[in-house]
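S.K.: Below is the structure, and that's it, no one-letter string:
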């Protein structure tokens, strides 16, 4: 340890040279520099940056007047609407913490989240009154309830609270002098993981990380100047990968979308000149499987960031043909969304289509604002060799990793053991340093002492032209301990027998990896579209 | 003040979720992800990112082995060469602080800088031995002297030290495990201001600010993927506006250039596909006034960031015709280079050419990573009205403002008075929030109690087709206190009388602003190309 140097005296932080990092200033800048640019499109509605900023300040001011301040949780149950964008700014401008609730969850889990996060305010779209009503009845907390009655929604759902969102905004000051966070480490949002088992965990984001990931999206996503962004990714999911804040960095346009439907997506892309969108594989499926009547010819290329599962070759080909350039990213709620990106090399364009798909299936390298990404042996914390084969746990380190799990020090400590965030995902590191997921720790199948990657078996099944979706889990077996059991969705009119599929797998897989059982069924999914393997495990056990 | 909230417990910083911001990790990432992309071009030399990173680690390792560590100053006297890029990484990777010396200064000032910065090491290009030799003889410090013998330089200059740069690198470890800075507030570099009077002041940058401005350049400069950047801006000037670090963010290519000459620039742009460059107005002059034999037809548009003086209409037109899109930026050594950018609005393209030039002459709005920019009354610290007329002092606040002046607490305190960095530049704020410089405080001319902006008079002179350059200063006057005195450089073959020019000014300026004297002469400039108004003031006094 060296002592003080000449640089350690008289060069301290002061308000002129040190300000907390926060994404809130991005909107202030966009509104100052590009006040008349369209910030939000929603149905027939158009709002420019001047209006968006004024509305966010109204929201912050109205919340503050009702006693909301630093560290208070404001829970919102909203679709991808203008109010949801405004909450991403207005709530933290009041010093409060935005808790975006997953609108697909049931009342019991929502009640759990409201209680656990100690919600002081709930802002709820009328569409979700049927869930929020029972959730509020069940919850112990008694938050101020604000209804959002979106003119674009004309379905059922009563009002639950005493004040409507527009009424609340009318109470606020459009020139409200909001304060910067006291510290960039202050919480900006709370995101509950949609755990497949057990209680959800409350992931806490801070202003520093949200600011850095928001700018990182500009760099990694090559957003350019004034992009037009279509909201197909739910904003309740990792704060929409921080894109609600990213768009202000580049004074882009948010195109809202209450529901992800093929026709609405094509219309928005063609009519508003959408340049970028994000989403799970299901969004790509909708786009490429849309009937001709719902499609539109696109005069421009569109960037699509996808996560959650590697895009198969056929999907990539379909997307390219439909006008989309797909980039594969990967991350977790704990990493603010995307923290890994499949950086594409120009010379890979010369590879064969299936080699390109194989490259694109890899999750990739660290996102620009992430300081470190590696695949480590979770016992020894030593990096695995970069051989593309040795399994280890994918781990993250850096400023776009969560502060921790709210009121859960044990889980927080376990997640950060050894100075890395443990993702729980198993993967390999290729010789070029790109990582590739192989399985969740708990999804590995151990048969006769050999590890079987369920993803590897699923990939073999996927390659069969009749297979639309497949998931493989362990089935308890007296002799082998476990054997792979496949659950398969077939494409529309396809017919194939279990024996044929098993024979197909035998051509490319080692014998012990070939599924012993194949079940044709629709795959159960979580609200965020993840296959619920714990359900399949129960089904496999019961076979 | 509210008390602790539920977010204030059990969610602390740890190595998994908090790492110091630093631009050093940008190079590590570029080398890991794009090892084979060309990082540096210099004459016939090509180095990829793998090599660049290995050489930077060698440099850090060799410096460390020679006892250099945290807070030690490494001074470099280098042209825009590969070694200069490597020093921007290798020196701070050793924990040390990079002091880039202005190669145009004289030995006395260099000696002052070496002593004031307590240089432990000097790395000096053989070309500058004629300055560095006497400077070292004069200086009190006795640093380790390392010569850089650039193969692209074949002029005179002896070696001054005991080890050559390549020999030093050979001592180092290409896999050196450099450490992150202990704190992102740690110094990364030291830049002496080229003050027109008095001793230079040592401006200290930190890792946090360098990281944020480097990424900010990607956003503000629309760098896109893999830009090719031509080094026309001296890297000794504000660390080349942080572009040595920026290029790693986007795995771009540095094209080195020892001397700024028109033919070399056109050749580099055409041969290497240069996409971006930066520089003072003199660089634009060279480009648009180059003889046909030195020019090349460009098949692509090139982005040019210019600072130091508003680009006149004729220059903008010439640049556009030659293939360059000009963006006007503004900043100071104290703000890491550009901290203000003339953000262009698409609808301004429809304005007349002179209206466009008038828009482009404004310095603009805050750079994305700067938190606040304003024009304030330095007495009351109140913002001036946004009327485009009321003069105030341009002030900055944010993370891309220096830590302070080294060993100069009085100057530091004065610069940060009232929680803002005082630029010393006078300007106005237009109704749309864009700022425009009107003068340096000390350059204002006060005639008969009326303030005269020397810039306004200079602009009037510039508009005359015979004028190549002009500078206006105060001449003491018994009756009026001061009167404007103009110094003018004419274009090559032009001839015009002082009376004609005064008549010209009378057409557009109020009578009291019209120069009473016009002197035709070459303008004296500082090493960074700024007109030395203090010299002109002496000349005016002596008239």
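M.R.: On my side now, so go ahead. What you see is a predicted model; the values in this text were computed from it and never measured.
S.K.: need the contact list for the closest residue to residue A:535 other than its chain neighbours.
M.R.: Excluding the flanking residues, the one nearest residue A:535 by CB to CB, 6 or more residues apart in numbering or on different chains is residue A:524, at 4.4 Å. Glycine gets a C-beta too; all of them are placed from N, C-alpha and C. For residue A:524, the contact set (CB atoms under 8 Å, 6 or more residues apart in numbering or on different chains) comprises A:531-532, A:535-536.
S.K.: Checking my notes, residue A:123 in a strand, right?
M.R.: Yes: counting by DSSP: H, G, I helix; E, B strand; the rest coil, residue A:123 is part of a strand.
S.K.: so it bridges to which residues?
M.R.: residue A:76, residue A:146 (DSSP bridges).
S.K.: That one contacts residue A:148, correct?
M.R.: Yes: the pair residue A:123 and residue A:148 qualifies as a contact (CB atoms under 8 Å) at a distance of 5.9 Å.
S.K.: Skip ahead from the worst-scoring helix or strand of chain A on mean pLDDT and say which helix or strand is next.
M.R.: The helix or strand of chain A with the poorest confidence is strand A:450-452; it has a mean of 74 (mean pLDDT, DSSP states H and E). Moving toward the C-terminus from strand A:450-452, the next helix or strand (DSSP states H and E) is helix A:454-462.
S.K.: If you count contacts, what does that following helix end up packed against?
M.R.: strand A:435-440, strand A:467-477, strand A:481-490, helix A:498-508 (3 or more CB pairs under 8 Å, 6 or more residues apart in numbering or on different chains; DSSP states H and E).
S.K.: I'd like the distance between residue A:155 and residue B:519.
M.R.: To residue B:519, residue A:155 is 79 Å away according to CB to CB, to the nearest Å.
S.K.: Neighbour count: these two, which is higher?
M.R.: Neighbours were tallied for residue A:155 and for residue B:519 using other CB atoms under 10 Å in any protein chain shown; the higher tally belongs to residue B:519 (15 against 7).
S.K.: pLDDT score assigned to that one?
M.R.: Looking at residue B:519, its pLDDT is 93.
S.K.: For it, list the residues it contacts.
M.R.: Residues near residue B:519 by CB under 8 Å, 6+ apart: B:485-488, B:498, B:539, B:543.
S.K.: List the buried residues for the helix or strand containing it?
M.R.: With secondary structure defined by DSSP H and E, residue B:519 is part of strand B:517-520. By 16 or more other CB atoms under 10 Å in any protein chain shown, the buried positions in strand B:517-520 come out as residue B:518.
S.K.: Can you give the distance of it from its chain's centre?
M.R.: Taking CA atoms, centre = their mean, to the nearest Å, the mean C-alpha location of strand B:517-520 is offset from the chain mean by 30 Å.
S.K.: TSV for the helices and strands packed on helix A:454-462, including distance to residue A:41, mean neighbour count and mean pLDDT?
M.R.: Converted to TSV, the helices and strands packed on helix A:454-462 look like this (distance: least, CB to CB, whole Å; neighbours: other CB atoms under 10 Å in any protein chain shown; pLDDT from 0 to 100):
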stretch	distance to residue A:41	mean neighbour count	mean pLDDT
strand A:435-440	35	20	84
strand A:467-477	33	21	89
strand A:481-490	35	22	91
helix A:498-508	45	15	92
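S.K.: out of the ones you listed, nearest to chain B?
M.R.: strand A:435-440 (11.4 Å; CB to the nearest CB).
S.K.: Looking at strand pairing, list the partners for the nearest residue to residue A:536 once chain neighbours are set aside.
M.R.: The shortest distance from residue A:536 to any residue other than its chain neighbours is 4.6 Å, reached at residue A:473 (CB to CB, 6+ apart). On the basis of DSSP bridges, residue A:473 takes part in beta bridges with residue A:485.
S.K.: Residue A:473 touches residue A:452, doesn't it?
M.R.: No: under the criterion of CB under 8 Å, residue A:473 is not in contact with residue A:452, lying 10.6 Å apart.
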